[in-house]
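Participant: Quick one, what's the 3D model for this:
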Amino acid sequence: MGSTKKIAVIMGGYSSEYEISLKSGEVVCKWLDRDQYDPYRILIRRDKWVMLGDSGREYPVSRHDFSVELEDGTLRFDCVFNAIHGTPGENGLMQAYFELIGMPQTSCGFYQAAVTFNKRDLLGILKSAGVPAARSYHLDRGQELNQQAILDAVGLPCFVKANRAGSSFGVSLVREASGLQAAVENALKEDDEILIEAALQGTEVSVGVIRYQGATRVLPITEIVSENDFFDYQAKYEGKSREITPARIPEDTAEKVRELAARIYDRLRMTGYSRSEFILVDGEPHLLEVNTTPGLTEASILPQQAACAGISLTELFGSAIADALDKNG
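Facilitator: Prediction:
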């Protein structure tokens, strides 16, 4: 078994999506092909970076070279599998660190992670490439809340979102002007930058684009039918939504979604996994956001799409590692 690659599966992180990340990381460890890979669970928290041993014992991870001192010597990893949602795994911080120390890792580069995590910057860049999106208004902490300017820019109903946070936190749907203040305060708990967007009416779809066996591959599209007002934390993680894969949309619309998702992936020069969310308005996809470390539990959307495409979790995870090692080869 000496030829197996040692894989550090990083999980946890500093954001509200900590618990979800732990679940994603455990699923990756469970499904990695043991004939090729030896997974190690690495917990990344503000107060510590540790490897979790089987007995629950914690071994500190050196931030100098990401190695771990064990009783019988130094453990060095061949590759990192990134399963952190939110900061620091989805906003470029870990990617930049791994690039500095020369460690292959499975997600996109640090620039792509930083840009996609900043919804305002992402939509600004892609708008110039002709990618449709909702009308928007930007607000920063300390800036005066000018209700009339917001209503003039985006109208009602509108979404008030934390600009740099996971897609499920700090988001409110505002139907009346009187609700703007509370929605802004809710978003400011997650970030000091806020994005206010017109609420688009239409079908919400999600589509994964991945590097698979060395090529860009668009996965089957998922339709999201939420019991709540929108696809919030409850809808996403507590079963308050139905996710239908493949989506019940006309083939010409599906082709537009696939083409746009692939164009965004290639335009940003992405690697690793991405999952783009769109609202279909009169058959035209409008971009909401791009996730670069999407959920990887068995119930998560990207694994559902992979299964629909005939790709097992073992193949999905193994291909990401092979691609990362190849990139650094």
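
Participant: ok, Leu173 touching Pro157?
Facilitator: Yes - between Leu173 and Pro157 there is a contact under C-beta atoms under 8 Å: 6.0 Å. Quick note: C-beta positions are derived from backbone N, CA and C, even for glycine.

Participant: shared neighbours of the two, which are they?
Facilitator: Common neighbours of Leu173 and Pro157 (criterion: C-beta atoms under 8 Å, 6 or more residues apart in numbering): Ala199.

Participant: now the nearest residue to Asp192 once chain neighbours are set aside: how far from Ala162?
Facilitator: Once flanking residues are discounted, Asp192 sits nearest to Arg141: 3.8 Å by C-beta to C-beta, 6 or more residues apart in numbering. According to C-beta to C-beta, to the nearest Å, Arg141 stands 11 Å off from Ala162.

Participant: Repeat that for Thr292.
Facilitator: In terms of C-beta to C-beta, Thr292 sits 17 Å off from Ala162.

Participant: More neighbours: which of those two?
Facilitator: When Thr292 and Ala162 are compared on other C-beta atoms under 10 Å, the one with more neighbours turns out to be Thr292, at 27 against 23.

Participant: That one and Tyr273 touch, don't they?
Facilitator: Yes - Thr292 lies in contact with Tyr273 (C-beta under 8 Å); the separation is 7.0 Å.

Participant: Pull up the overlap in contacts between those two.
Facilitator: Both Thr292 and Tyr273 are contacted by Ser107, under the criterion C-beta under 8 Å, 6+ apart.

Participant: rewinding a little: overlap of the contact sets of Arg141 and Ala162?
Facilitator: Counting by C-beta under 8 Å, 6+ apart, the residues touching both Arg141 and Ala162 are 188, 193.

Participant: ok but Ala113 is inside a helix, no?
Facilitator: Yes - under DSSP: H, G, I helix; E, B strand; the rest coil, Ala113 sits within a helix.

Participant: Next, the contact list for it, please.
Facilitator: Contacts of Ala113 by C-beta under 8 Å, 6+ apart are 90-92, 95, 107, 292.

Participant: now swap in Gly283 and tell me
Facilitator: Counting by C-beta under 8 Å, 6+ apart, Gly283 touches 250, 252-253, 256.

Participant: Can you read off the pLDDT for it?
Facilitator: Looking at Gly283, its pLDDT stands at 94.

Participant: and what of Cys158?
Facilitator: Cys158 carries a pLDDT value of 95.

Participant: What separation do you get for it and Ser312?
Facilitator: The gap separating Cys158 from Ser312 is 41 Å, by C-beta to C-beta.

Participant: Could you check which of these two is surrounded by more residues?
Facilitator: Neighbour count, other C-beta under 10 Å: between Cys158 and Ser312, Cys158 has more, with 26 against 13.

Participant: which ones are touching that one?
Facilitator: By C-beta under 8 Å, 6+ apart, the residues touching Cys158 are 150, 173-174, 196-199.

Participant: out of these, which are inside strands?
Facilitator: 173-174, 196-198 (DSSP state E).

Participant: Low-confidence ranges, the stretch 51-200 of the chain, go.
Facilitator: By pLDDT under 70, the weakly predicted segments of the stretch 51-200 of the chain are 166-168.

Participant: any chance you could map the helices in it?
Facilitator: For the stretch 51-200 of the chain, the helices defined by DSSP state H, counting those that start in this stretch cover 93-101, 110-117, 119-127, 147-154, 180-188.

Participant: most neighbours per residue, which of those helices?
Facilitator: helix 110-117 (a mean of 21; mean count of other C-beta atoms under 10 Å).

Participant: Please report how far Asn82 lies from Ile44.
Facilitator: 10 Å.

Participant: Can you pull the residues that touch both of the two?
Facilitator: With C-beta under 8 Å, 6+ apart, Asn82 and Ile44 have common neighbours 10, 89, 94.

Participant: So the first one: helix, strand or coil?
Facilitator: Local secondary structure at Ile10 is given as strand here, using three-state DSSP.

Participant: how near is it to Met51?
Facilitator: For Ile10 relative to Met51 (C-beta to C-beta), the value is 10 Å.

Participant: So between these two, which is more surrounded?
Facilitator: The neighbour comparison of Ile10 against Met51 (other C-beta under 10 Å) goes to Ile10, with 30 against 20.

Participant: Quick check: the more buried one touching Tyr97?
Facilitator: No - contact criterion C-beta under 8 Å: Ile10 and Tyr97 do not qualify, at 10.6 Å.

Participant: on that earlier part again, as a markdown table, the contacts of Ala113 with distance to Arg211 would be great.
Facilitator: A markdown table is the format used below for the contacts of Ala113 (distance: C-beta to C-beta, whole Å):
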| residue | distance to Arg211 |
| --- | --- |
| Glu90 | 17 |
| Asn91 | 20 |
| Gly92 | 18 |
| Gln95 | 15 |
| Ser107 | 11 |
| Thr292 | 12 |
